[in-house]
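Novice: Predicted model and sequence follow; I will ask about them next.
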Amino acid sequence: MSIYVGNLSYQVTEEDVNTVFSEYGTVTRVQLPTDRETGRMRGFGFVEMSSEAEEQAAIDALDGAEWMGRDLKVNKAKPREERPAGGGYGGGARRRTDRPY
């Protein structure tokens with residue numbers, strides 16, 4: 001299982017998150033996604049701990065807590081939804097030959 005951590009400061013590091021969550025148990029993994037284009041932190045992350053009891057203790061203690069000037073949103077992560085494969089134009093793109101002349 002994994003914990004979702006939202007509303008993180010853009011200056012936070014994996015080490016910072018590890019330090020805070022390790023107060024509630026053994027942290028096995030921290031992921032902080034970055035924006036593909038800018039490389040900037042996206043303001044959320046995921047934490048995995050060694051047991052569900054430790055994860056629940058961290059959620060109970062940290063959800064709504066202020067950290068680095070922000071109120072954290074901490075809960076069980078939902079499974080990632082599969083996105084449909086395809087171009088990325090969302091079906092709204094028209095080919096040049098579709099234009100009326």
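Specialist: Good, I have the coordinates.
Novice: Could you check stretch 19-33 and say which residues are buried?
Specialist: Neighbour-count burial for stretch 19-33 flags 20-21, 24-25, 27, 30, 32 (criterion: 16 or more other Cβ atoms under 10 Å). Heads up, the C-betas are built off the backbone N, CA and C, glycines and all.
Novice: gap between the two ends of stretch 22-38?
Specialist: End-to-end distance for stretch 22-38, by Cα to Cα, to the nearest Å: 30 Å.
Novice: Rounded mean pLDDT for that stretch, please.
Specialist: Summarised as a single mean, pLDDT over stretch 22-38 is 96.
Novice: and it, how far from the chain's centre?
Specialist: Distance of stretch 22-38 from the chain centroid (Cα atoms, centre = their mean, to the nearest Å) equals 8 Å.
Novice: same question, stretch 6-23
Specialist: The answer for stretch 6-23 is 12 Å, by Cα atoms, centre = their mean.
Novice: What of stretch 64-83?
Specialist: With Cα atoms, centre = their mean as the basis, stretch 64-83 stands 7 Å off its chain's centre.
Novice: Show residues contacting that stretch.
Specialist: 1-9, 11-12, 16, 20, 46, 55, 58-59, 62-63 (Cβ atoms under 8 Å, 6 or more residues apart in numbering).
Novice: could you flag which of the residues you listed are buried?
Specialist: 2-3, 5, 8, 12, 16, 20, 55, 58-59, 62.
Novice: so is residue 55 in a helix, a strand, or just coil?
Specialist: Per DSSP: H, G, I helix; E, B strand; the rest coil, the secondary structure class of residue 55 is helix.
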